[in-house]
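Q: task: produce atomic coordinates for the following.
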Amino acid sequence: MRTRRMKVSGADACYHVMTRTVNGERLFGDREKEILRKMLWQVADFCGVEVLTYCIMSNHFHVLLRVPVVSEIPDKELLRRYNVLYPKPTKYQTASIAVMEKELRDDGEEAEGIRRKLSARMGDVSEYMKAVKQRFSVWYNRSHQRYGTLWAERFKSVLVEGKGNPLQTMAAYIDLNPVRAGIVDDPKDYRFCGYAEAVAGNKLAKEGLAGIWASHADGSARSRSSLAEALQSHRELIFGKRAAEAGLAEVTREKALKVLEKDDAVLPKATVLRCRVRYFTDGAILGSREFVRGFAGVWQMEKGRKHPPKPNLLRGADWQDLATIQGLRKQVFG
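A: Predicted structure coming up:
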C-alpha cells in the first residue's frame, strides 16, 4: 500500500510506514535527523498515536505506529494537542490559539467547526505522515535556502499484527537499519532509532519498547513488559540468543545473501534481519496467517482484485508462522 492505510478497529494492529527523499538524495546529517526525530514524537502526541520504534537514515525514515480507536476528545485535550505543535508560538499563533480557546468556551457554531477540523487529524496514519513530512519540509527548505519537493512519494505502509512475533520482528527490522547500512555494529550506538533512545533512557522510547514486548513471542497475553525484560528480549531478537551478549551476528550479511539465493534456505532470524527483506516494506500485511487472512478481503477491494489473495508464509528463516499478503518470490532479500 503506497497511498493509504487499511482502516482497522481495535488495538490489535499497527503500521510500519516509511518514506524516502526525492531521488534518494542523502540530505540528512545529524542536525536534520535530530529535528526530524523531535517532530516524529511531537506530531505523534498531537495525532494521538503511539510511536513504538523508528529509524531515521540519511535519505529515508521508518516509523512503527500503534493507532488507537479514536473516541470523542474533550476540548481541553484538543487544545493541549494543538499547543504541542507550537512550543514556541509566534504572536500570530498565540493570538489564534486565544481565539480558539474563546470559541470553544462559547460552544457555538464556530466551536463545532474547530472540533471537527482538529478531530479529523487525530488517530490516522495518513494525517500523521502528512503533518510530519510537511512540517519537516518547511523547516528543511527554509534552513537550506531550498525550494521544491523534498520527498519522493507520499509513503509506503504495511499493516502489522499488533502483538507478539509479528510486531517484535518488524520492530527489530526497523532498528537494524543502521547495522544493515554498515554505520554501526549495534543499533544502541545509533542515536536516531527507537532502540537506542530506549537504552539511553528516553521515556517515550522506553514505553514504546515495553509495548512491543507486552505479549509473549507466541502471542499469548501478559502484563506490560518491564523495561529490563523488553531490552533483553529485543537484544536477543536482534543478535540471536547465543550472540546477544557478545553483540555479534553469527553469519555475515554477504554470506547470508549467498545462502538465501536458494529457495529452501533457512538461516537464523537474527542473521536474515541483517539483510534487506522486502516482506517488511512491500508485503502490505504482516502477521500470522489468521491475521493476514482476516484482512485479505479488505486488501482485495482496495486493490480491485477479482480473487481474494492467500497468505504467503515468509521464507529464508524460522519466522514462526509469519505471513504476508504479497508473495514477493523474486528479489526478496538484498
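
Q: next secondary structure after the helix or strand of the chain with the lowest mean pLDDT?
A: Least confident helix or strand of the chain, by mean pLDDT, DSSP states H and E, is helix 253-260 with a mean of 73. Per DSSP states H and E, the first helix or strand lying C-terminal to helix 253-260 is strand 266-267.

Q: against which helices or strands is whichever helix or strand comes after that next one packed?
A: Using DSSP H and E, the helix or strand that directly follows strand 266-267 along the chain is helix 269-272. Under the contact definition 3 or more CB pairs under 8 Å, 6 or more residues apart in numbering; DSSP states H and E, helix 269-272 sits against helix 227-239, helix 253-260, strand 316-317. To be clear about C-beta, it is placed using only N, CA and C from the backbone, and glycine gets the same treatment.

Q: list the buried residues for helix 269-272?
A: 269, 270, 271, 272 (16 or more other CB atoms under 10 Å).

Q: I figured the first one was touching residue 236, is that so?
A: Right, residue 269. No. Using CB atoms under 8 Å, residue 269 is not in contact with residue 236, being 10.4 Å away.

Q: what about the strands in the protein?
A: Applying DSSP state E to the chain gives strands spanning 13-20, 50-56, 60-66, 156-161, 266-267, 285-288, 312-313, 316-317, 322-324.

Q: looking at those strands, which is buried most?
A: strand 285-288 (a mean of 26; mean count of other CB atoms under 10 Å).

Q: check contacts around the most centrally placed residue in the chain.
A: Compute the mean C-alpha point of the chain, and by CA atoms, centre = their mean the closest residue is residue 64, 1.8 Å away. By CB atoms under 8 Å, 6 or more residues apart in numbering, the contact set of residue 64 is 14-16, 51-54, 160, 167, 170-171, 174, 194, 212.

Q: how about these in TSV, adding distance to residue 104 and pLDDT?
A: Putting the contacts of residue 64 into TSV (distance: CB to CB, whole Å; pLDDT from 0 to 100) gives the following:
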residue	distance to residue 104	pLDDT
14	32	94
15	31	97
16	36	98
51	28	97
52	32	97
53	35	98
54	32	98
160	36	96
167	37	97
170	39	98
171	38	98
174	38	98
194	35	98
212	36	95
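
Q: how does the protein divide into domains?
A: Using automatic domain parsing, the domain ranges for the chain come out as 13-70+149-324, 75-119.

Q: doesn't residue 119 make contact with residue 47?
A: No. The pair residue 47 / residue 119 is not scored as a contact, 10.8 Å apart, by CB under 8 Å.

Q: looking at those two, which is more packed in?
A: residue 47 (24 against 15; other CB atoms under 10 Å).

Q: for residue 144, see how far away that one is.
A: According to CB to CB, to the nearest Å, residue 47 stands 27 Å off from residue 144.

Q: and the buried residues of helix 269-272, which is closest to residue 38?
A: Residue 38 has its nearest neighbour among the buried residues of helix 269-272 in residue 270, at 30.8 Å by CB to CB.

Q: where do the helices sit along this structure?
A: 30-47, 75-84, 91-106, 109-119, 125-143, 164-175, 177-180, 194-200, 203-212, 227-239, 253-260, 269-272, 279-282, 289-303 (DSSP state H).

Q: pick out the shakiest of those helices, pLDDT-wise.
A: Of all the helices of the chain, helix 253-260 carries the lowest average pLDDT, namely a mean of 73.

Q: packing partners for that helix?
A: Secondary elements touching helix 253-260 (3+ CB pairs under 8 Å, 6+ apart): strand 266-267, helix 269-272.

Q: what about that helix, distance to the chain center?
A: 27 Å (CA atoms, centre = their mean, to the nearest Å).

Q: report the backbone C-alpha coordinates of it in PDB.
A: Provided in PDB are the C-alpha atoms of helix 253-260 (Å, rounded to 0.1, in the frame of the first residue of the first chain):
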ATOM      1  CA  ARG A 253      25.400 -10.300   5.600                       C
ATOM      2  CA  GLU A 254      27.400 -11.200   2.500                       C
ATOM      3  CA  LYS A 255      27.500 -14.900   3.300                       C
ATOM      4  CA  ALA A 256      23.800 -14.900   4.300                       C
ATOM      5  CA  LEU A 257      22.700 -13.400   0.900                       C
ATOM      6  CA  LYS A 258      24.600 -16.200  -1.000                       C
ATOM      7  CA  VAL A 259      22.800 -18.800   1.100                       C
ATOM      8  CA  LEU A 260      19.400 -17.100   0.700                       C
END
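
Q: what's next to it, contact-wise?
A: 180, 251, 265, 267, 271, 272, 274, 275, 316, 332, 333, 334.

Q: kindly recompute the last result at 10 Å.
A: 179-180, 182, 249-252, 265-268, 271-277, 315-317, 332-334 (CB atoms under 10 Å, 6 or more residues apart in numbering).
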